[in-house]
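A.B. asks: Give me the fold of what follows.
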Amino acid sequence: MSGGPILVFDSGVGGLSVVTALRHQLPEAALAYACDNAMLPYGLREDNWLVARILRVCEAAVSASRCVTLVVACNTASTLALDALRSRLAIPVVGTVPAIKPAAASSRSGHFGLLATSATVARPYTLGLIEAFAAHCRVTRVAADELVREAERWLAGEAPDPAVIRRALAPLWEDPLLDTVVLGCTHFPLLRDFLAAAAPREIAWIDSSEAIARRTAQVARGVAPRRGPGESHVTALDPRLTAALARFGFAEPRLLVLD
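C.D. replies: The predicted model follows:
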């Protein structure tokens, strides 16, 4: 292989859950990582501001990394800015959407949960996915923005707060028939073991990371071979983030220069 890396973008460390799937699907490919940690969390910010910000950060990261494919490993960014990114960038852009379709197909009871940020839970794009693929199901939508911070803390070396996790999940357990939960934020798979431990019964947890990796493998062309730690880019320097990125095979991050 020759060329540039595959660039994974997220607001914070959530995209690292997709990095794991990409490394499984494309073990020889070079990966780069970029995050807008200065503006975390995205899920609580205004839509028009977010679109402009996502375009600005992604264009800077694509230029800095010289990547050949951009993976937007963020549900909020994907549901808002995917079309705008594809119109502005000359490389393939792979987005992330909540795994509504596989959850509807696999739920035995026909009742599953969607655990996501406030923005993703309420967005028309998400409601369209539910209407298209899960109209025959009952879907309990739960906004759990606080879990984004817990995932960031976990990768920074701090234990997640069990009380915060229990509170975030509590609305899911009101119906004992609910048997599946869609992790509709890429941060949440990083907490999978903690989420499962807090559940009152066995639950199927579904996320989009493997589907994203398969799609990336289909569209990525001219990817550079993996040679040592991948480069990383951030919008705010943070030693805790540096340590988290190192755990996933990325070099010390560089500060992105935004126009």
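A.B. asks: Show the average pLDDT along the helix ranked longest in the chain.
C.D. replies: Longest helix in the chain by number of residues (criterion: DSSP state H): helix 47-65. Per-residue pLDDT over helix 47-65 has a mean of 95.
A.B. asks: swap in stretch 232-240?
C.D. replies: For stretch 232-240, mean pLDDT rounds to 94.
A.B. asks: Show residues contacting stretch 77-85.
C.D. replies: Outside of stretch 77-85, the residues within contact range by Cβ atoms under 8 Å, 6 or more residues apart in numbering are 9-11, 42, 47, 50-51, 54-55, 58, 70, 72, 93, 95-97, 119-120, 123, 125-126. Every residue, glycine included, has its C-beta placed from N, CA and C.
A.B. asks: Just the residues you listed: which are in strands?
C.D. replies: Among the contacts of stretch 77-85, the members found in strands (DSSP state E) are 9-10, 70, 72, 93.
A.B. asks: From these, which one has the minimum pLDDT?
C.D. replies: Lowest pLDDT of the ones in strands among the contacts of stretch 77-85: Asp10, 95.
A.B. asks: Just grab the bridge partners of that residue for me.
C.D. replies: In this entry, Asp10 is beta-bridged to Cys35, by DSSP bridges.
A.B. asks: For Ala159, see how far away it is.
C.D. replies: 22 Å (Cβ to Cβ, to the nearest Å).
A.B. asks: More neighbours: those two, which one.
C.D. replies: Neighbour comparison, Asp10 and Ala159: the larger count goes to Asp10, with 29 against 9 (by other Cβ atoms under 10 Å).
A.B. asks: Isn't the more buried one up against Ala73?
C.D. replies: Yes - counting by Cβ atoms under 8 Å, Asp10 touches Ala73, with 4.7 Å between them.
A.B. asks: between these two, what contacts are shared?
C.D. replies: Residues touching both Asp10 and Ala73 by Cβ under 8 Å, 6+ apart: 18, 186.
A.B. asks: wait, Val13 sits on Leu241?
C.D. replies: Yes - between Val13 and Leu241 a contact is recorded at 7.0 Å, counting by Cβ under 8 Å.
A.B. asks: okay, and the common contacts of the two?
C.D. replies: Residues touching both Val13 and Leu241 by Cβ under 8 Å, 6+ apart: Cys35.
A.B. asks: between those two, which one's more packed in?
C.D. replies: Taking neighbours as other Cβ under 10 Å, Val13 and Leu241 compare with Val13 leading, 28 against 21.
A.B. asks: Tell me who's in contact with the more buried one.
C.D. replies: Val13 is in contact with 35, 151-152, 155, 187, 190, 241, 244-245, counting by Cβ under 8 Å, 6+ apart.
A.B. asks: circling back to that earlier point, can you select the buried ones among the contacts of stretch 77-85 for me in PyMOL?
C.D. replies: Those of those that count as buried under 16 or more other Cβ atoms under 10 Å are selected in PyMOL with:
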select buried, resi 9+10+11+42+50+51+54+55+58+70+72+93+95+96+97+119+120+123+126
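A.B. asks: Where do the helices of the chain begin and end?
C.D. replies: Counting by DSSP H, the chain has helices at residues 16-25, 47-65, 75-88, 100-106, 118-122, 124-133, 146-155, 162-169, 192-198, 209-219, 239-247.
A.B. asks: what sits against Val72?
C.D. replies: Taking Cβ under 8 Å, 6+ apart, we find Val72 in contact with 9-10, 58, 78, 81-82, 85, 93-96.
A.B. asks: so can I have JSON lines of the residues you listed showing distance to Ala29?
C.D. replies: Below are the contacts of Val72 laid out as JSON lines (distance: Cβ to Cβ, whole Å):
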{"residue": "Phe9", "distance to Ala29": "16"}
{"residue": "Asp10", "distance to Ala29": "18"}
{"residue": "Cys58", "distance to Ala29": "19"}
{"residue": "Ser78", "distance to Ala29": "21"}
{"residue": "Ala81", "distance to Ala29": "24"}
{"residue": "Leu82", "distance to Ala29": "22"}
{"residue": "Leu85", "distance to Ala29": "21"}
{"residue": "Val93", "distance to Ala29": "17"}
{"residue": "Val94", "distance to Ala29": "13"}
{"residue": "Gly95", "distance to Ala29": "19"}
{"residue": "Thr96", "distance to Ala29": "18"}
